[in-house]
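Engineer: The sequence isn't on hand, but the structure is:
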């Protein structure tokens, strides 16, 4: 049985199919990237798979148990952790507190409301031990980012640089000890050095056996990390396969570089300008190398 | 049967006439919401001022009606420009809730000014129109009805043509659609805002004057109900939807009219608030608008700009507490002690509001409702069941927590300023239920002879004993809240405030934690209300009003949202300062309003910063 099974998933926004009959299985320990032009429906797919949005049709199963209809917090407590496309840290919370929120589902919490209130009010030893344990773990996760975050443990997240906020978000997701980590453009807005650093970081996570679903525009990163690549366009899955296969798939090239007519126009223009033209294929290769 | 039909037609006419007035109010709110994305709480005050301007012209200066209309148009139009300047333009880059709070402050100022100028008493407004009634097929219609209907229809027509066929009207509609795009196309957005505010205020003012003529009376507090009803009507038709606002107004008028005929006049105000909550919960896009999502951008947080917390060293806090405790040995004046007791009790309400609004991010303008539940519980338990105060007080707190949370529960799916509106409505519903549940609450007569507080002994009467008792309660509430904020629970609440979508994505069950926040908040507010009831020995449905709710929110903003010490400091400042400058006592609410407007503009993080 696959860890995550997505079957015939669709999301209809007032007649527009943002996600159109997508099926996908994710095995334990796999890293799968979802690529596609802007507006292809990648983030909508993420929203569906993390419960932020509900599918019009289709099925999402984790370990064979259906997740459809559950709320996002229930998705999280089943082990789905995500980051957001534009980064959503808790600005007025410290870095440590942000990461500790990620550990929310691992906290020992009484089911009873009054008991939870009392546990917050009175320092029972068990509550303190639990808090201490989570805190140690959160600090260890933050330490993975080395000098980037450790010195800023108690600074409010709003005071961090953009790249650091993305790191906090990732640390927060890791604090959930996720079964599947969903990263929505983790390197958006990062410079090449920071991107390379993030690539190495994700590679470490992958080597530790974490299952990762990744949305990313930087193809170099995608090709370096992915076991499989899924290409989306207009809400549909147009291709799926190993990075090598995807790199040479004509449909993918078309989705990325426009329709044939447009390509011909471009080619004609370039020819007129007497500029040596590259084949679209090699352009893609250049971009990804 | 014929009698029934006649009543039915009469009520329909009544409903349509009143509905016309609601429609005028609602259209104004819709215009402003459309261009400014702002729920204008000062709109009710503009309506009230329109009524007063009409009253002054007709009864004091004996001008003909058209001149009165003209005066209303000029005064209210200018008022609209002023509100746009103070409430919107200077706050364009603030949190979404900021302009809403600013308009609440403006409305405080306008209401209080009117009270100072014309006294808080109702003024009789004899109709300048002939009192003959025309009989059409067994249904009677008065000249006032005709005037209202004609004014409503012609104003709707004028507005329609303005929006449809004039350049400014186009600009206005374009701005309502997409502000940035309109601006890029060369639309002067400020001019559009000014036009919308002026137009809206003119419509509101005319509605106020018509209502004055219709009920033959004007009074300063008519503003609040009018604003909220206009909002309910607007919501019925879909926020910002102008034709929807007209239909919503007429519908609300009809529902009220039939409702009053069936249940009685004291229920009049209940319908609007029940509709308000029901629509917010069931169909927030309104009845006539095609299903549309709430604004898509994250509307989380209430009033928490990124800021630095002002750290007060613990020894200073300890010193402050010690001074407060020792004060009655130095100052014997019962008056001063009473003022400070009020500050402590309001401080508890400020604490309760700062927890839900500041820490958990759910703007509450309904804390008075929780106070009332606590007050009535404790008063009834001691009066009817002879419970000792020491037992009735905590039970009052718990019941307030349970009932309060259940009442707010339907609003949990709402965000940002919709929560504020819903909590206002809930506060009003509590007050209306108290008014109408005669058997239990003795209605408007209220409960008298509530026994004085006791503390495991004889009744506590002396001002300084009452002072210590209230101070003790405040400190206990502050201690509880301090513990909670430092726990994982406090962190969870703050995460919800910062970004509810992200919080939920990390496994936080929003409803559960909002419920916990409101429970603690309602508990503390309920304790304060209960103690107040026993201190005054008398309460009725008007003891705990929306003014108290707003005041408590202002106090917590003044101190810094979510800041425990800030809430107490804010309560002390706003209760104490008007007393220190004795001449200012009469202008108290004017000061509160001004404080709110200035704070939001110049120091939104409050004195001590957001925690």
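Structural biologist: That came in fine, so what should we check first? Being a predicted model, the structure only gives us computed values, none of them experimental.
Engineer: Get me the contact residues on the stretch 51-200 of chain A for chain B.
Structural biologist: A:51-52, A:71-73, A:75-77, A:81-82, A:84, A:88-93, A:97, A:100-102, A:104-105, A:107, A:113, A:116-117, A:119-122, A:131, A:156, A:158-159, A:172-173, A:176 (C-beta under 8 Å from any C-beta of the partner chain). (Glycine included, C-beta is placed from N, CA and C.)
Engineer: again, 6 Å this time
Structural biologist: Within the stretch 51-200 of chain A, the positions near chain B by C-beta under 6 Å from any C-beta of the partner chain are A:72-73, A:76-77, A:82, A:88, A:90-93, A:97, A:101-102, A:104-105, A:120-121, A:158.
Engineer: Which ones among these lie within strands?
Structural biologist: residue A:82 (DSSP state E).
Engineer: Which among the residues of the stretch 51-200 of chain A next to chain B count as buried?
Structural biologist: A:72-73, A:76-77, A:82, A:88, A:90-93, A:97, A:101-102, A:104-105, A:120-121 (16 or more other C-beta atoms under 10 Å in any protein chain shown).
Engineer: in the sheet, who's paired with the residue nearest the centre of chain A?
Structural biologist: Centroid-nearest residue in chain A, with C-alpha atoms, centre = their mean: residue A:183, separated by 1.4 Å. Here residue A:183 shows beta-bridge partners residue A:214, assigned using DSSP bridges.
Engineer: Check whether it really touches residue A:214, as I assumed.
Structural biologist: Yes: using C-beta atoms under 6 Å, residue A:183 is in contact with residue A:214, at 4.9 Å.
Engineer: mind checking pLDDT for residue B:141?
Structural biologist: Predicted confidence (pLDDT) for residue B:141: 81.
Engineer: just residue B:289 next, same as before
Structural biologist: Looking at residue B:289, its pLDDT is 63.
Engineer: How about residue B:175?
Structural biologist: pLDDT for residue B:175: 85.
Engineer: Have a look at chain B and report its longest helix.
Structural biologist: helix B:2-36 (DSSP state H).
Engineer: Tell me how far it lies from the chain's centre.
Structural biologist: Counting by C-alpha atoms, centre = their mean, to the nearest Å, helix B:2-36 is centred 22 Å from the centre of its parent chain.
Engineer: quick one: buried residues of that helix?
Structural biologist: Residues B:10-36 are the ones in helix B:2-36 that count as buried (16+ other C-beta under 10 Å).
Engineer: distance of the residue nearest to the centre of chain A from chain B?
Structural biologist: As for residue A:183, its distance to chain B is 13 Å (criterion: C-beta to the nearest C-beta, to the nearest Å).
Engineer: what's stretch B:510-522 in contact with?
Structural biologist: Here stretch B:510-522 makes contact (C-beta atoms under 6 Å, 6 or more residues apart in numbering or on different chains) with B:352, B:355-356, B:360, B:370, B:400-401, B:404-405, B:408, B:412, B:492-493, B:496, B:500, B:504.
Engineer: could you give me the average pLDDT of stretch B:519-528?
Structural biologist: For stretch B:519-528, the per-residue pLDDT averages 98.
Engineer: so when I look at residue A:25, I'm seeing a helix, right?
Structural biologist: No: counting by DSSP: H, G, I helix; E, B strand; the rest coil, residue A:25 is not part of a helix but strand.
Engineer: give me the beta-bridge partners of it?
Structural biologist: Assigned bridge partners for residue A:25, using DSSP bridges, are residue A:5.
Engineer: Which pLDDT value goes with it?
Structural biologist: pLDDT, read off for residue A:25, is 94.
Engineer: Please tell me how far it sits from chain B.
Structural biologist: Going from residue A:25 to chain B by C-beta to the nearest C-beta gives 23 Å.
Engineer: three-state assignment of residue A:33?
Structural biologist: strand.
Engineer: Check what pLDDT the residue in the stretch 501-611 of chain B positioned nearest to chain A gets.
Structural biologist: Proximity of the stretch 501-611 of chain B to chain A (C-beta to the nearest C-beta) peaks at residue B:507, 3.5 Å away. Per-residue pLDDT puts residue B:507 at 94.
Engineer: My impression was that it belongs to a strand - is that right?
Structural biologist: No: under three-state DSSP, residue B:507 sits outside any strand and is assigned coil.
Engineer: Tell me how far the very next helix or strand once past the longest helix of chain B lies from the chain's centre.
Structural biologist: Later in the chain than helix B:2-36, the nearest helix or strand by DSSP states H and E is helix B:43-55. Distance, stretch centre to chain centre, for helix B:43-55: 18 Å (C-alpha atoms, centre = their mean).
Engineer: any idea how chain A splits into domains?
Structural biologist: Domain assignment for chain A by automatic domain parsing gives A:1-79+A:179-245, A:91-177.
Engineer: Secondary structure element holding the closest residue to residue B:170 other than its chain neighbours?
Structural biologist: Spatially, and ignoring its direct neighbours in sequence, residue B:170 is nearest to residue B:163 (8.0 Å; C-beta to C-beta, 6 or more residues apart in numbering or on different chains). Element membership for residue B:163 (DSSP H and E) is helix B:143-165.
Engineer: Same question for residue B:232.
Structural biologist: helix B:222-237.
Engineer: In terms of secondary structure, what does that helix contact?
Structural biologist: Counting contacts by 3 or more C-beta pairs under 6 Å, 6 or more residues apart in numbering or on different chains; DSSP states H and E, helix B:222-237 packs against helix B:2-36, helix B:43-55, helix B:242-263, helix B:268-282.
Engineer: The helix holding residue B:163 vs helix B:2-36, what angle?
Structural biologist: 30 degrees (axes from the mean of the first three to the mean of the last three C-alpha atoms, to 10 degrees).
Engineer: Quick one: name whatever helix or strand follows helix B:143-165.
Structural biologist: Immediately after helix B:143-165, counting by DSSP H and E, sits helix B:167-177.
Engineer: which parts of the lowest-mean-pLDDT helix or strand in chain B are buried?
Structural biologist: Scoring the helices and strands of chain B by mean pLDDT, DSSP states H and E places strand B:133-136 at the bottom, with a mean of 76. Within strand B:133-136, no residue counts as buried by 16+ other C-beta under 10 Å.
Engineer: Just checking: what are the partner strands of that strand?
Structural biologist: Short version: by DSSP bridges, strand B:133-136 pairs with strand B:139-142 (antiparallel).
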